[in-house]
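**Student:** For reference, the sequence and a predicted model appear below.
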Amino acid sequence: GENVEQHPSTLSVQEGDSAVIKCTYSDSASNYFPWYKQELGKRPQLIIDIRSNVGEKKDQRIAVTLNKTAKHFSLHITETQPEDSAVYFCAAIRGEYGNKLVFGAGTILRVKS
Amino acid sequence: GAVVSQHPSRVICKSGTSVKIECRSLDFQATTMFWYRQFPKKSLMLMATSNEGSKATYEQGVEKDKFLINHASLTLSTLTVTSAHPEDSSFYICSATDRVPDTQYFGPGTRLTVL
């Protein structure tokens, strides 16, 4: 089945700097890759997603890139702000099982002001 | 749009009792709902996939007799933790999707504490 690895587990950046979180997946049939932001005790919130027919997608300060050949995708946050501090999860859909998401282990992002 | 609610948000129960958690899609029909469990500082672990009108599909290692899932309508799925024990204490989150494959919309979660 699908396996998603996420790095780093924790990331501290200075306010205004960029943050990059990377994920790799194992199932080449996976075709949908969302990123979720979760604040303590709250629900995961979808912040951006990308499908396998696209290499890059951007939404204001957030961007995601996908390399299907290497089976990895990354989240890029520019001009980080303290409110970006949260846990970020990447995920992938295991293609042969339909729409069951497999999550990465998560990255704790701390933006220091 | 795409709002998922979950009730209760927090529950404390005694060991041996059963607890029911409801997950509702408020403004869309959810063909599929998912139940996750999350331990502190850990990722979401899928417990089961629930399709309206059919039996839930449980992930390996999840006891179907302990975690009863019912998906009676396109807007409601329930998870019942039967004979709860302290090790069942966790954050339970549901999600719903209306298309395959598409975005999963998460509920706010239920914090279960078993004494």
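**Tutor:** Here it is on my side, so go on.
**Student:** Under the pLDDT cut-off, which ranges of the chain? List them.
**Tutor:** In the absence of a named chain, chain A is used. A:94-99 (pLDDT under 70).
**Student:** Not quite, go with chain B.
**Tutor:** B:1, B:99-102.
**Student:** where exactly do the strands run in it?
**Tutor:** Using DSSP state E, the strands found in chain B span residues B:4-7, B:10-13, B:19-25, B:32-38, B:44-51, B:57-58, B:67-73, B:76-81, B:90-97, B:105-106, B:110-114.
**Student:** Nearest to A:Q81, out of these?
**Tutor:** Checking those against A:Q81 by CB to CB gives strand B:105-106 as the closest, at 23.0 Å. Backbone N, C-alpha and C define where each C-beta goes, glycine included.
**Student:** Need the contact partners of that closest one.
**Tutor:** A:36, A:43-46, B:2-4, B:25, B:93-97 (CB atoms under 8 Å, 6 or more residues apart in numbering or on different chains).
**Student:** partners of it in the sheet?
**Tutor:** strand B:90-97 (antiparallel) (DSSP bridges).
**Student:** between the strand it pairs with and strand B:44-51, what angle do the directions make?
**Tutor:** 50 degrees (axes from the mean of the first three to the mean of the last three CA atoms, to 10 degrees).
**Student:** Tell me which residues are up against strand B:90-97.
**Tutor:** Counting by CB under 8 Å, 6+ apart, A:41, A:43-44, A:99, B:4, B:6, B:21, B:23, B:25, B:28, B:30-40, B:44, B:77, B:79, B:81, B:103-107, B:109-112 sit against strand B:90-97.
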